[in-house]
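>>> Sequence isn't available, so here's the structure alone:
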């Protein structure tokens, strides 16, 4: 029971820190990031690069895609521009998993202390917001560390170990990852928990990859909700995120044995948690590269189903 309570406490800290981090970064540079997205998305490749950069800065693909939906809804960005940003956000979110795999939780006190000093001993809003960002990073690491420490006693639980082994059924792992992500409202939290389990050698690479793919599906819930009641162009943006992720996930599940072998080859002698983080980055990167030539088909299909394509919409150079 104590382990479960510690896991919940670590998860709450992690989610709180993610929300605080995103808010702090938006307070620091939110308007600048919006202008950046509006200015540097005039073709598909620039949109992808912009999506990567802003997602790395905000540490949340959901926040970036929801921001993009809002920009499309206000006609500050077209659907074509938004498609590139959505794909870039999928790649950008994988950088956090690389950080999680570094096992930096034991050093969490350093950014927590640094952020605390900036927030409480400096009066200017810039330093206060910067302190919030640094403090939030520390809390993220501490939340992950708490969850990692909490699952260690569960190694003695036959039921828990049996359940983790059942995730070797990749479809069960996929739907578990999707469900957990919908519940906690964060794919980063789901991937972070998987990496935490991997660091304790409690989950295999195959099961970890399956749950990670499920997290990619579950993260679509937020963006679909954000598009409800918006313009048709904004709705198409939310639907594109869903269709893009579903397509790449299905391809990934079909080719999972080959993909796993590729990840193992690239990762070589890396730890299990690092291998899963590498799988996250490789999957999303390959997904964008493979699906890039078919973006026009997605655009035409969604225009046909949802409609509302502007006749005078600006023409974009095909990537």
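Perfect, thanks for sending it. Small disclaimer: the values here were computed from a predicted structure and weren't measured.

>>> can you map out the helices along the stretch 1-150 of the chain?
Along the stretch 1-150 of the chain, the segments classed as helices by DSSP state H, counting those that start in this stretch run 2-39, 44-58, 61-73, 79-92, 94-100, 109-121, 125-151.

>>> Which residue, neighbours along the chain excluded, lies closest to residue 109?
Once flanking residues are discounted, residue 109 sits nearest to residue 138: 7.1 Å by C-beta to C-beta, 6 or more residues apart in numbering. The way it works is simple: take the backbone N, C-alpha and C, and place the C-beta from them, glycine included.

>>> just residue 238 next, same as before
Per C-beta to C-beta, 6+ apart, closest to residue 238 is residue 227, 3.1 Å.

>>> That neighbour against residue 242, yeah?
No. The pair formed by residue 227 and residue 242 falls short of the contact definition of C-beta atoms under 8 Å, at 9.5 Å.

>>> out of the two, which sits in the more crowded spot?
Using other C-beta atoms under 10 Å as the criterion, residue 227 and residue 242 rank with residue 227 on top: 26 against 16.

>>> what separates that one from residue 213, distance-wise?
23 Å (C-beta to C-beta, to the nearest Å).

>>> SS state for residue 269?
coil (DSSP: H, G, I helix; E, B strand; the rest coil).

>>> Could you count how many residues lie near it?
Residue 269: 6 neighbours (other C-beta under 10 Å).

>>> Need the pLDDT of it.
We have a pLDDT of 82 for residue 269.

>>> Also residue 104?
Reported pLDDT for residue 104: 68.

>>> same deal with the one 5 residues further on?
Note on residue 109: pLDDT of 84.

>>> quick one: it and residue 141 touch, right?
No. The criterion here is C-beta under 8 Å, and residue 109 misses it with residue 141 at 9.3 Å.

>>> With neighbour numbers in mind, choose between these two.
Using other C-beta under 10 Å as the criterion, residue 109 and residue 141 rank with residue 141 on top: 27 against 12.

>>> out of everything not next to it in sequence, what's closest to the spatially most central residue of the chain?
Compute the mean C-alpha point of the chain, and by C-alpha atoms, centre = their mean the closest residue is residue 93, 4.0 Å away. Nearest-residue entry for residue 93: residue 61, 3.9 Å, with adjacent residues in sequence omitted and distances by C-beta to C-beta, 6+ apart.

>>> And that neighbour, how far from residue 86?
Going from residue 61 to residue 86 by C-beta to C-beta gives 9 Å.

>>> can you count the residues close to residue 205?
Residue 205 has 18 neighbours, counted by other C-beta under 10 Å.

>>> And for residue 111?
21.

>>> ok, for it, nearest residue in space, not its chain neighbours?
residue 138 (3.4 Å).

>>> Which element is encountered next along the chain beyond the helix or strand harbouring residue 291?
Assigned by DSSP states H and E, residue 291 falls within helix 272-291. Once helix 272-291 ends, the next helix or strand along the chain (criterion: DSSP H and E) is helix 295-306.

>>> which residues sit against that following helix?
Contacting residues not belonging to helix 295-306 are listed as 44, 79-80, 83, 87, 232, 235-236, 239-240, 243-244, 309, 318-319 [C-beta atoms under 8 Å, 6 or more residues apart in numbering].

>>> same thing but at 6 Å, please
83, 232, 235, 236, 239, 240, 309 (C-beta atoms under 6 Å, 6 or more residues apart in numbering).

>>> about what we covered before: would you confirm that the residue nearest to residue 238 contacts residue 235?
Yes. Using C-beta atoms under 6 Å, residue 227 is in contact with residue 235, at 4.9 Å.

>>> And stretch 63-74, what's buried?
Judged by neighbour count using 16 or more other C-beta atoms under 10 Å, the buried positions of stretch 63-74 are 63, 64, 65, 66, 67, 68, 69, 70, 71, 72, 73.

>>> how far is that stretch from where the chain is centred?
16 Å (C-alpha atoms, centre = their mean, to the nearest Å).

>>> Same question for stretch 206-216.
The answer for stretch 206-216 is 13 Å, by C-alpha atoms, centre = their mean.

>>> swap in stretch 282-290?
Taking the mean of its C-alpha atoms, stretch 282-290 sits 14 Å from the chain's own mean (C-alpha atoms, centre = their mean).

>>> quick one: average pLDDT of it?
93.

>>> what does stretch 45-62 give?
83.

>>> Now do the buried residues in it.
In stretch 45-62, counting by 16+ other C-beta under 10 Å, buried: 46-62.

>>> low pLDDT regions in the stretch 151-300 of the chain?
Across the stretch 151-300 of the chain, the ranges flagged by pLDDT under 70 are 151-156.

>>> Quick check: chain neighbours aside, which residue is closest to residue 285?
With C-beta to C-beta, 6+ apart, the residue lying closest to residue 285 is residue 91, at 5.6 Å.

>>> isn't the one you found right up against residue 284?
Yes. At 5.1 Å, residue 91 and residue 284 qualify as touching, with contact defined as C-beta under 6 Å.
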